[in-house]
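Undergrad: here is my input, please return the structure:
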Amino acid sequence: MTKGILKVYLGAAPGVGKTFSMLEEGQRLRGQGRDIVIGLVETHGRTETIQMTDGLEIVPRRHVAHRSVELDELDIDVVIAREPEWALVDELAHTNAPGSANAKRWQDVQQLLDAGINVISTVNIQHIESLNDVVQSITGVVQRETIPDSVLRAADQVELVDLAPESLRHRLAGGHIYPAGTIDAALSNYFRLGNLTALRELALLWLADEVDVALQAYRNEHGIQGKWEARERVVVALPGGPEGETLIRRGARIAARTSGGQLLAVHVSSPDGLAEPDPAALITQRSLVESLGGSYHQVVGDRTPTALVDFARGVNATQLVIGVSRRSRFTAFLTGQGIGATVIRASGDIDVHIVSHASAGTLQLPRTTRGALTLRRRLVGFAVAVFGMPTLTFALTFLHNREALVIDVLSYQFLVVVVALVGGIWPAVTAAAIAGVTLDFFFVSPIYTVAIDDPLHLLALLIFLIVAVLVSLVVDQGASRSRAAKRSAAEAETLAAVAASIIRGENAVEALANRMREAFGLTSVTITHLGAVLYEASAAASAGTPGIAADEGKRTVVELANQGSVVLRGRDLQASDRRILDAFVAQIEVALVQRDLITEAEGLRPLEEADRLRTALLAAVGHDLRTPLSAATAAVSSLRSTDVAWTERDKDDLLSTAEVSLRRLAELVNDLLDASRLQAGVLAISLSAVGFDEIVPLALDELSIRNGEVRVDVQPDLPAVVCDPVLVQRVLVNLVANAIRYSPDDSPPIITASSFGDRVELRVIDRGPGIPQSALAEAFQPFQRLGDTDNTTGVGLGLALSNGFMDAMGGKLNAEDTPGGGLTMVISLPAVTAPDLERSE
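TA: Prediction:
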């Protein structure tokens, strides 16, 4: 039986239209005369979805009783017995009721597919198993129902149902997704604009990866080796020299010529690790690639041209950028064609760009390494030769047979191989020379002389010496490669440890100094900058005695490019340590530059803020404070005037004007003082545990709110929050007053509250004109009215003070667009979690 086809509609969140699209496809198939049934569809009471089921045969569901509740599930047996060509089965990640044949609905679908029935289903991105933790970090919600990635990847077709986050929130606000009673809670929690945007990006990226996998599988299946220019991919070959930066920038310009161009830089390492370039140069070039939006790769290959072309084909590259050879013309004449010519010949339909650079034609000698074996091993090798040769000669002389010369030669050959394995090339060559003379003197006619009467014996001795030298070279080379591999592994482990320390949030300079001391086994490492000691890592400090640096041992000073130095104490560094040392130095220089930039920026920020506040304050004092002061002065002057006979009513009006003006003046001065305290960091905060259901009535009473002027939906069972209730009341008064001022008469503001993770949020929602996205950041700055010319409403400190109060209490104040128009202000405060912190009465 042929297995059925699985088509899945993938969505970023509930309500994007997956079920509607599935039913729409079902109606299309029915119109083509296909036999199609609805196995199970969850309409959630949505009118548009219910209407799409018209005309489609619906298979009766299976009813399962669980804990006195009747649940409806897919009846697999009925669907299989019906034998339709297509079946619509909604919510692929659904967990079946206890007692069902399968625990998950995707297992039901697999059973239908095995029965030869084609299935169309739906799933949201948050239900994919591999993305479960990512979704939880975005939304704060743990997804209990998941499906294995392999199920979705095995689908014959996955189609994304995409909807812009703003449009989805509008659908939710219009009641097209959830009932009216749950809309505000959904908007406040899962359906936040940021959450929906992140989930949409996650869905698009997952599907894009699947498209790339499917494209590569199709190319492999059909044996397609040529490039497919689905997008411009530029691969830059980095030889590890200074010309790498030139090549990267040229590659970036090529990639930028087309929309969606991708930049990849690759360095090919030799398998033995003996001819690696300067790691500091590669670190710098990697940073440059990533700053230009590209990615860095490192591959291992015996032949650089083949490795480059294989990598380029593997990533479906369209362009390959390489540099002009650094070999001189004479060297190129002796060694033949270089990497560039070989790459061009092997590249096929990949365009190859050969870029000239300043290092072209300059000979760069390869790095040489000293003997791979230690002095001790070489001495042991000489000892084996010195003591082993007489012993072997005595034994062979005692057992000598003129017809057994071959045995004699092989015996000495064996001893030379042993010496080579133990001591390397020079002890082995020495042993081979001694063995040759000994063989000639004791065993080759005429014996006891160095003369040879048979030319064949001379040839045998020469071959013996050549073989001994070759074996010695092979052993020495093997030891060199083994040592280089171990060193490369140690260097990689060291650099990985440094990167991990910085990623974990450790101070970059301190992490680098500590790792450098550990890597080289030093007594201490001191980093100085501009004549001052930034950090000193010492063995004593690492052992638990901070501030004690041992000065024993030799001292090495490495100068930094930015007026600093690294002082190494403990031992002299060998030439082989230079590569990893250069990498450390490059990282330290970058860390110091970043530190200087951060320090400079932090130093300028208070000055900039103070200057901006000073300018705004002068403008406010010059205009807004003058108005109430002038009104109060005019009222008092009029009362004191003897030129006019004021009636009692006139006097009351003048006194009322003076009182209102002075009260407003006092409020403005208090706001200015609070702003000054916030800036100076001396605002008095008194934290306690209190519920929003206690603060909201106090704020409404202060505003003298009439019935129906504000709608309140704050449940008393919400967790208490840690805050200063007086400051929160002031914040709420300001937000509600603004909401009332801008809301239409027929749409009063709404105050709602909900818990989200370890925080509780209060939302003040209005249907007014709102604030443009471009002006949201300015709304929280002091002395901003966003174009409001009504000078009776203050100096524009309300939101700035409210935001400062929330920051001082460890809370947040955010502004969001209200779906359908308007502004939603969100107060977020930490919920009470300590068991001994009781809700204040």
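
Undergrad: and the gap between the residue located most distally from the centre of the chain and residue 440?
TA: Largest separation from the mean C-alpha position in the chain: residue 446, at 79.9 Å (Cα atoms, centre = their mean). Using Cβ to Cβ, to the nearest Å, we find residue 446 at a distance of 10 Å from residue 440. C-beta here means a position set from N, CA and C on the backbone, and glycine is covered the same way.

Undergrad: re earlier: what are the phi and psi angles of the residue farthest from the centre of the chain?
TA: phi -70, psi 130 (degrees, to the nearest 10).

Undergrad: one more: residue 11?
TA: Residue 11 adopts backbone torsions of phi -130, psi 160, taken as degrees, to the nearest 10.

Undergrad: equivalent analysis for the one 10 residues further on, please.
TA: Residue 21 adopts backbone torsions of phi -70, psi -40, taken as degrees, to the nearest 10.

Undergrad: enumerate every residue touching it.
TA: By Cβ atoms under 8 Å, 6 or more residues apart in numbering, the contact list for residue 21 reads 9, 159, 161.

Undergrad: what about the helices in the stretch 101-250 of the chain?
TA: Using DSSP state H, counting those that start in this stretch, the helices of the stretch 101-250 of the chain run over residues 105-114, 132-139, 149-153, 165-173, 180-188, 193-221, 244-256.

Undergrad: give the buried residues for the first one.
TA: Yep, that's helix 105-114 we're talking about. By neighbour count on 16 or more other Cβ atoms under 10 Å, the buried set for helix 105-114 is 105-106, 108-113.

Undergrad: now do stretch 290-299
TA: Applying 16+ other Cβ under 10 Å to stretch 290-299 flags 292, 294, 296-297 as buried.

Undergrad: make TSV out of the contacts of residue 21 and add neighbour count, pLDDT and distance to residue 739.
TA: Shown next, in TSV, are the contacts of residue 21 (neighbours: other Cβ atoms under 10 Å; pLDDT from 0 to 100; distance: Cβ to Cβ, whole Å):
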residue	neighbour count	pLDDT	distance to residue 739
9	25	96	40
159	17	92	42
161	18	93	35
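
Undergrad: now, which of these sits nearest residue 139?
TA: Distance to residue 139 across the contacts of residue 21 (Cβ to Cβ) is lowest for residue 161, with 18.9 Å.

Undergrad: what's opposite the closest one in the beta bridge?
TA: Beta-bridge pairing of residue 161 under DSSP bridges involves residue 11.

Undergrad: ok, it to residue 11 distance?
TA: 5 Å.

Undergrad: anything in contact with each of the two?
TA: Both residue 161 and residue 11 are contacted by 17-18, under the criterion Cβ under 8 Å, 6+ apart.

Undergrad: give the contact list for the residue lying closest to residue 709 once chain neighbours are set aside.
TA: Once flanking residues are discounted, residue 709 sits nearest to residue 748: 5.8 Å by Cβ to Cβ, 6 or more residues apart in numbering. Contacts here follow Cβ under 8 Å, 6+ apart; on that basis residue 748 touches 708-711, 740.

Undergrad: in the stretch 301-450 of the chain, which spans are strands?
TA: Here the stretch 301-450 of the chain has its strands, by DSSP state E, counting those that start in this stretch, at 319-323, 351-355.

Undergrad: which parts of the last one are buried?
TA: In other words, strand 351-355. Using 16+ other Cβ under 10 Å as the test for burial, strand 351-355 gives 352, 354-355.

Undergrad: same deal with stretch 378-394?
TA: By 16+ other Cβ under 10 Å, the buried positions in stretch 378-394 come out as 378, 380-382, 384-385, 388-389, 392-393.

Undergrad: residue 234 pairs with what?
TA: residue 263, residue 319.

Undergrad: and it, how many neighbours?
TA: Counted by other Cβ atoms under 10 Å, the residues lying close to residue 234 total 27.

Undergrad: looking at the buried residues of stretch 378-394, spot the one nearest residue 730.
TA: Checking the buried residues of stretch 378-394 against residue 730 by Cβ to Cβ gives residue 378 as the nearest, at 83.0 Å.

Undergrad: am I right that the closest one is in contact with residue 429?
TA: No. If you go by Cβ atoms under 8 Å, residue 378 and residue 429 don't touch, sitting 11.7 Å apart.

Undergrad: sorry, back to before: which one of the buried residues of stretch 290-299 is nearest residue 571?
TA: Closest approach between the buried residues of stretch 290-299 and residue 571, by Cβ to Cβ: residue 296, at 33.4 Å.

Undergrad: surely that closest one touches residue 286?
TA: Yes. Between residue 296 and residue 286 there is a contact under Cβ under 8 Å: 4.3 Å.

Undergrad: any residues in contact with both of those two?
TA: Taking Cβ under 8 Å, 6+ apart as the contact rule, residue 296 and residue 286 both touch residue 265.

Undergrad: picking that back up, export the buried residues of stretch 378-394 to a markdown table and append columns for distance to residue 249.
TA: Listed next are those as a markdown table, based on distance: Cβ to Cβ, whole Å:
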| residue | distance to residue 249 |
| --- | --- |
| 378 | 49 |
| 380 | 54 |
| 381 | 52 |
| 382 | 55 |
| 384 | 57 |
| 385 | 57 |
| 388 | 61 |
| 389 | 63 |
| 392 | 65 |
| 393 | 68 |
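
Undergrad: closest one to residue 639 out of the residues you listed, please.
TA: Distance to residue 639, by Cβ to Cβ, is smallest for residue 378 among the buried residues of stretch 378-394, at 111.2 Å.

Undergrad: residue contacts, the closest one?
TA: Residue 378 makes contact with 371, 423-424, 426-427, according to Cβ under 8 Å, 6+ apart.

Undergrad: recalculate using a threshold of 10 Å.
TA: Counting by Cβ atoms under 10 Å, 6 or more residues apart in numbering, residue 378 touches 371, 422-427.

Undergrad: which pLDDT does the model give it?
TA: Model confidence at residue 378, given as pLDDT, is 82.

Undergrad: that concludes my questions; thank you for your assistance.
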